[in-house]
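Trainee: Everything below, folded, please.
(2 chains)
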Amino acid sequence: MTGIHPALAIWLMLAGPIWAGIGAWGLPRVYRRKGLDDSRARLVGGLGGLTMGPLMVVPLWLLTPELKAWYWAGIPGMLAALQLYALFAAMDPKNLCVTNPQYVANQLSSGLTIGFIYALMAVGLTLIYSVQGIISFAHGQFYMLGGYISYDFLVLVGDVNPIVGVPVAGLVTMLIGFVFERLFLRPMHLGHVERTGEYAILITFGFGFFLQYTVLAAVGPFSQKAKPYLGMGSVQIGPLNLIPNRLVAAAIGVVLIVVLLYVLNRTWLGKALRAVSMDKQAAAVVGINPLTMNTLAFGIGTMLAGMSGAALIPVFTWVPWVGGPAATRSYVIIVLGGMGSVPGALVGGLIIGLVEAMGSGCYPDPSKGAAYKTAFGLIIFAIMLLLRPTGLFGREL
Amino acid sequence: MSDHPVRAHRRITLPLKQARVQRWVGVAVLVTLLLLSPLYLNQSPYQMGVVTGAFFYAILASSWSLLAGVAGQFSFAHMALAGIGAYSAGLLGRDLGTSPLTGIIAGTLAAGFVGLVIGLLCLRLRAAYLALFTIAFSEIVRIILLTEFQYTEGTNGLQLAPLYEGITPLAEYYVTLGLLLVSMAVMYWISSSRFGLFLRAMREDQEAAAAMGVNVVRYKVLIFVVTSLIVGLAGAVFYHQVRIITPNTMEILQMSLIIAMAVIGGMESLLGAAIGAFLSRISLELLREINILGIHIELGAWRYAAFGLLLMFTLRFAQNGLLYPIIDRLFMRRVREETVSARAQTAEVEP
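Mentor: Numbers count the residues shown, from 1 in each chain, chains lettered A, B, ... in the order given. Take a look at the predicted model:
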């Protein structure tokens, strides 16, 4: 035990969660009793209780300030990350995370890089949700499919940079998305199906199942990898050890997100999509066909999933079941950022990228850190669902 | 309900009591067939294993249909709960040397407790969020079991003792069949009791049900606990027969197989889901490789792809499932029409 007092560790392990429970359970009730807006009270109470215990919960309880500003949840959130870091450091003082600042910087930069691709995929999912009001449970399979389409295209064409595969994969996955939407989701919007909520979950899930096993049957359970964008190896810039191959993937993500934001905010199509997501009837009145927009949104969403798959196949090894964890990660991101919010998905993607990189890099037992990579995001996800299901940037339900 | 009172009148061919007798005869025939069928199989361990596995899937699918179809709670945590049951039983047996029976009881209770916690945490979550939460939950459980290999053996899988020394495949068949019949009976009793009515009311409209005096919180949590207990018990018993459990049995794709089976059978009908799961499991196994006109084809993953297509078209064009309408025709319709028309008649008499 160097550097950290044992009392702090005990606090973090036991008292923190108890105060978090008190804050998350009690504060919304206090706010409601006083007739105040309680939408953020659960999140702030939970996080504040976890990190500062009575120091945060008691003043909030007595003073009930308005919790609109970002720092009410932001500062306890960062404190929680720091305390977790301290706990990890206490459990394993010889961890690279504690002894080697360069390692930490590298983990941070690689987390941010990969975060952009995570964000790209999640933006697709959030776009589908904002226009159609459904969550596509086939999103991970579109991502997986995008990777394979790009791979097969590159094998077919021969000697080109793998970046060429990205638009091809996007086009094909978009067409598949259009066809699926037209055949199976439009009847739902037309009222030809009972219990639309359950139908939407099951039909997208069923399509994911179908895609998953079709690809598995077609390519077999072998791992594949496209050749890298820019050769292997790494570049040393200052204290950072950067991998150009990953940077290209991240750059693709950034470019595509910028293009998407431009389309959403500056073109007629984007305005129409946003109009439908706000109010279907009103959009129809001003001459936008909501059904067409539904199809377009779904196609664009699946295209983004396919493109992020295609952007990552030169970086990661590809197997037919990569879709599952990737989809789970996208759910984490959109719930964290707020369902239906594009900026939320962007921020959520970066947060999850960082959390996964730091979590897996700093976990006391390095051999297990990598295996727990997805679990860190999932824990944040579970906490977020319980404390504030509308997410950081979400519209109020 | 009484859109066509005249037609309903004409179709009363059997008195209510006789229709009920017919239903019980149907159930008795089904049970007898299942009890006697080992006599006609060649009782090879492989064949019995497939059928026993199909019973296990039938329990999972029908309990999922109780949770999702009847109560409207879209949980993806079923496989994880079965795994929790099996792992608790296996770990107790290995590390503390308890008998399989103690392990099974402990595993069932562990799964029930986890179900209680999930139920309490998910009270406020609506359909899609609940699905996401339970997916995340089962992934966390799977990852933990996979990673903490010094306790759980990781990907190698945890060895479980047999139920008793020298158990035969035939005995395992009857044990699982008994489990299936008992759990079906319990679930049917639940779904046809007031509790079942409350669940359906909550599924259709939670606020309206609450306004009518249904204690939504209590029944939501209760249904999670009940199905988790059933699933945990089934998992613990079944994996004591398989003798090994790996974390990969808890993958979301395994869970989706169960959901697909339940939907194809008929999501809102416990019997439909059970028969659907049983038949799908057996046919998936039979289709492993086929011979058409002397051409040998290995279907491999293609049969699952076709299964996925079947699931989608069932959802789109036969939302009640493929088997439920048949079951309904055979056993239920006359009973229901009798009750409906009897009520319609009394309603007509009243001013």
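Trainee: interface residues of the stretch 1-150 of chain A facing chain B?
Mentor: Residues of the stretch 1-150 of chain A found near chain B (C-beta under 8 Å from any C-beta of the partner chain) are A:Ile134, A:Ile135, A:Phe137. Backbone N, C-alpha and C define where each C-beta goes, glycine included.
Trainee: which one of those residues has the most neighbours?
Mentor: A:Phe137 (27 neighbours; other C-beta atoms under 10 Å in any protein chain shown).
Trainee: Would you verify that it is located in a helix?
Mentor: No. Under DSSP: H, G, I helix; E, B strand; the rest coil, A:Phe137 falls outside any helix and is assigned coil.
Trainee: any idea how far the residue most central in space within chain A is from chain B?
Mentor: In chain A, the centroid-proximal residue (C-alpha atoms, centre = their mean) is A:Ile333; its distance is 2.3 Å. Distance, A:Ile333 to chain B, by C-beta to the nearest C-beta, to the nearest Å: 12 Å.
Trainee: For the strand or helix carrying B:Glu172, name the packing helices and strands.
Mentor: For B:Glu172, the host element (DSSP states H and E) is helix B:169-192. Judged by 3 or more C-beta pairs under 8 Å, 6 or more residues apart in numbering or on different chains; DSSP states H and E, the packing partners of helix B:169-192 are helix B:16-36, helix B:45-64, helix B:216-242, helix B:270-286.
Trainee: Just send the ones you listed back as CSV, with distance to chain A, mean neighbour count and mean pLDDT too.
Mentor: Shown next, in CSV, are those (distance: least, C-beta to the nearest C-beta, whole Å; neighbours: other C-beta atoms under 10 Å in any protein chain shown; pLDDT from 0 to 100):
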stretch, distance to chain A, mean neighbour count, mean pLDDT
helix B:16-36, 26, 13, 80
helix B:45-64, 12, 23, 90
helix B:216-242, 15, 24, 91
helix B:270-286, 11, 23, 88
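Trainee: how about JSON lines for those helices, with distance to A:Arg274 added?
Mentor: Below are the helices and strands packed on helix B:169-192 laid out as JSON lines (distance: least, C-beta to C-beta, whole Å):
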{"stretch": "helix B:16-36", "distance to A:Arg274": "55"}
{"stretch": "helix B:45-64", "distance to A:Arg274": "38"}
{"stretch": "helix B:216-242", "distance to A:Arg274": "35"}
{"stretch": "helix B:270-286", "distance to A:Arg274": "41"}
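Trainee: Return the residues in contact with the residue of the stretch 101-250 of chain A found nearest chain B.
Mentor: Nearest residue of the stretch 101-250 of chain A to chain B, counting by C-beta to the nearest C-beta: A:Phe210, 3.1 Å away. By C-beta atoms under 8 Å, 6 or more residues apart in numbering or on different chains, the contact set of A:Phe210 is B:Ala305, B:Gly308, B:Leu309, B:Leu311, B:Met312.
Trainee: interface residues of the stretch 151-300 of chain A facing chain B?
Mentor: Counting by C-beta under 8 Å from any C-beta, the stretch 151-300 of chain A sits next to chain B at A:183-184, A:187, A:193-195, A:197-203, A:205-214, A:216-217.
Trainee: Inside helices: which ones of those?
Mentor: A:187, A:197-203, A:205-214, A:216-217 (DSSP state H).
Trainee: circling back to that earlier point, quick check: the residue of the stretch 101-250 of chain A closest to chain B vs A:Leu216, distance?
Mentor: Taking C-beta to C-beta, to the nearest Å as the measure, A:Phe210 falls 11 Å from A:Leu216.
Trainee: okay, and the common contacts of the two?
Mentor: Joint contacts of A:Phe210 and A:Leu216 (C-beta under 8 Å, 6+ apart) are B:Ala305.
Trainee: Only the buried residues of the longest helix along chain A, if you could.
Mentor: What stands out as the longest helix in chain A, according to DSSP H, is helix A:101-132. Within helix A:101-132, the residues that count as buried by 16 or more other C-beta atoms under 10 Å in any protein chain shown are A:103-104, A:106-111, A:113-132.
Trainee: A:Leu260 - how many residues pack around it?
Mentor: 19.
Trainee: For chain A, just list every one of the strands.
Mentor: A:235-237, A:240-242 (DSSP state E).
Trainee: Sheet partners, orientation included, of the last one?
Mentor: Applying DSSP bridges to the sheet, strand A:240-242 is found paired with strand A:235-237 (antiparallel).
Trainee: pLDDT averaged over the strand it pairs with, what's the number?
Mentor: Per-residue pLDDT over strand A:235-237 has a mean of 77.
Trainee: Equivalent analysis for stretch A:369-387, please.
Mentor: 81.
Trainee: now it, how far from the centre of its chain.
Mentor: In terms of C-alpha atoms, centre = their mean, to the nearest Å, the centre of stretch A:369-387 is found 11 Å from the chain centre.
Trainee: cool, stretch A:281-298 as well?
Mentor: Distance, centroid of stretch A:281-298 to centroid of chain: 27 Å (C-alpha atoms, centre = their mean).
Trainee: residues contacting residue 48?
Mentor: Answering for chain A, as no chain was given. Contacts of A:Gly48 by C-beta under 8 Å, 6+ apart are A:Gly23, A:Met56, A:Val57, A:Leu60, A:Pro76.
Trainee: try chain B instead
Mentor: Contacts of B:Met48 by C-beta under 8 Å, 6+ apart are B:Pro38, B:Leu41, B:Pro169, B:Leu170, B:Glu172, B:Tyr173.
Trainee: what's the distance between the closest residue to chain A within the stretch 1-150 of chain B and B:Ser88?
Mentor: Nearest residue of the stretch 1-150 of chain B to chain A: B:Thr147, at 4.2 Å (C-beta to the nearest C-beta). Going from B:Thr147 to B:Ser88 by C-beta to C-beta gives 18 Å.
Trainee: thinking again about what came up before, mean neighbour count added to the strands of chain A, as TSV?
Mentor: Below are the strands of chain A laid out as TSV (neighbours: other C-beta atoms under 10 Å in any protein chain shown):
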stretch	mean neighbour count
strand A:235-237	9
strand A:240-242	15
